[in-house]
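Student: Sequence and predicted structure, then a few things I'm wondering about:
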Amino acid sequence: MSDTVLDVLLYLFETYSDQEPPDCKPGAADQDVLREELLKAGFGEPEVDSALDWLDGLVETSAPFAGVPGDRSIRVYNEVELRRLDLECRGYLLYLEQIGILSPVQREVVIDRLMALGSGTVDKEQVKWVVLMVLFAQPGQETAFSRMEDLVFEESTGAMN
């Protein structure tokens, strides 16, 4: 099976998105149950383990960074980020920030999680889903999540604004 880490994450997101996001990091027993469920669903062991590590990283990076970017800060991407996030992805992140869906701190969490996917070049669709997962995992972001969800499904159906 040629599933990617993002495929496993999307499966989890679609399966559990109608439940409340966890307030704290799941315990080892919970993670073992989830791991077994994903393996039974047909995902490969390396992808499942990487997806669970990705989720652990999401919980860890959801806390504020030591140097919180200001509202008027400008993001300068490093060489690795530039190779993985093309102009369309970077422009989309800026757009989401400008329309108030992402804060500068959330942008950094999204970039961190995009880089942690472990795949090559990231595309705009991957950015959309990672943004949804990041917003879902953060308490108090229901409005931003709903706006992003509307954007994702509106764009996927080809509707015009």
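Tutor: Nice, thanks for sending it over. Values in this document were obtained by computation on a predicted structure and should not be read as measured data.
Student: Please enumerate the helices of the protein.
Tutor: 5-16, 28-40, 45-61, 79-84, 87-98, 104-115, 124-137, 142-156 (DSSP state H).
Student: Include distance to residue 70 and mean neighbour count when you put these into TSV, please.
Tutor: Backbone N, C-alpha and C define where each C-beta goes, glycine included. TSV is the format used below for these (distance: least, Cβ to Cβ, whole Å; neighbours: other Cβ atoms under 10 Å):
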stretch	distance to residue 70	mean neighbour count
helix 5-16	30	18
helix 28-40	36	13
helix 45-61	19	17
helix 79-84	20	12
helix 87-98	12	16
helix 104-115	7	19
helix 124-137	20	20
helix 142-156	19	15
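Student: start to end distance for stretch 116-129?
Tutor: 14 Å (Cα to Cα, to the nearest Å).
Student: Just the pLDDT at residue 61, thanks.
Tutor: pLDDT recorded at residue 61 is 66.
Student: right, I mislabeled it, should have said residue 156
Tutor: 61.
Student: next one: the one 4 residues further on
Tutor: For residue 160, the model assigns a pLDDT of 48.
Student: which stretches of this structure have low pLDDT?
Tutor: Residues of the chain that meet the criterion pLDDT under 70 lie in 1-3, 19-29, 61-67, 119, 155-161.
Student: now residue 112: how far from residue 98?
Tutor: 20 Å (Cβ to Cβ, to the nearest Å).
Student: what sits up against stretch 120-131?
Tutor: 6, 9-10, 13, 83-86, 88-89, 92-93, 96, 101-102, 110, 113-114, 117, 119, 148, 151-152, 155 (Cβ atoms under 8 Å, 6 or more residues apart in numbering).
Student: Alright, calling it a day.
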